[in-house]
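1. Provided below are the primary sequence and the corresponding predicted coordinates.
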Amino acid sequence: MTLSQLVAHQTKGYARFHQNRRNLRIHLLTVSIFMAGNVLLLLALWPLSGWWAGLGLILMALALAAQGKGHGLEEQPTEPFTGVLNFVLRILLEQWLSFPRFVAAGAWRIAVTA
């Protein structure tokens, strides 16, 4: 699957996997935590800082763990990852593109109030 196909696939099915109110609230909090960790990890590359990189990885891991618990509340389980590259691409796309777009479009509010 190409990157553009993955984006289209994730966008098309996103609401189906994000309907539980608690899961949505978890995502509202943890996506920004993941993003902060991701930015810290990238900033740690210059000047090579193990402490900042470690903090970034911890924030990202905590956010993903909480989101994993949130997805466990959903009636529709998420699609399994097909490998490491699929995992990395899907996670980065969800955190930086799909969920922010879901929020900006107001679809999360519809799901929370439904």
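-> The structure has been received and is ready for your questions.
2. list the contacts of the most centrally placed residue in the chain.
-> Among the residues of the chain, the one closest to the centroid is Q95, at 3.5 Å (Cα atoms, centre = their mean). By Cβ atoms under 8 Å, 6 or more residues apart in numbering, the contact list for Q95 reads 31, 34-35, 38, 63. Heads up, the C-betas are built off the backbone N, CA and C, glycines and all.
3. tell me which helix or strand L59 sits in.
-> If you go by DSSP states H and E, L59 is part of helix 50-71.
4. which parts of the helix or strand following that helix are buried?
-> Going down the chain from helix 50-71, the next helix or strand is helix 84-93, by DSSP H and E. Neighbour counts over helix 84-93 (16 or more other Cβ atoms under 10 Å) mark 89-91, 93 as buried.
5. and if you look at stretch 11-27?
-> 14, 17-20, 23-24, 26-27.
6. turn these into TSV, columns for secondary structure and pLDDT.
-> Output for the buried residues of stretch 11-27, formatted as TSV (DSSP: H, G, I helix; E, B strand; the rest coil; pLDDT from 0 to 100):
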residue	secondary structure	pLDDT
Y14	coil	87
F17	helix	89
H18	coil	89
Q19	coil	87
N20	coil	91
N23	helix	94
L24	helix	92
I26	helix	95
H27	helix	95
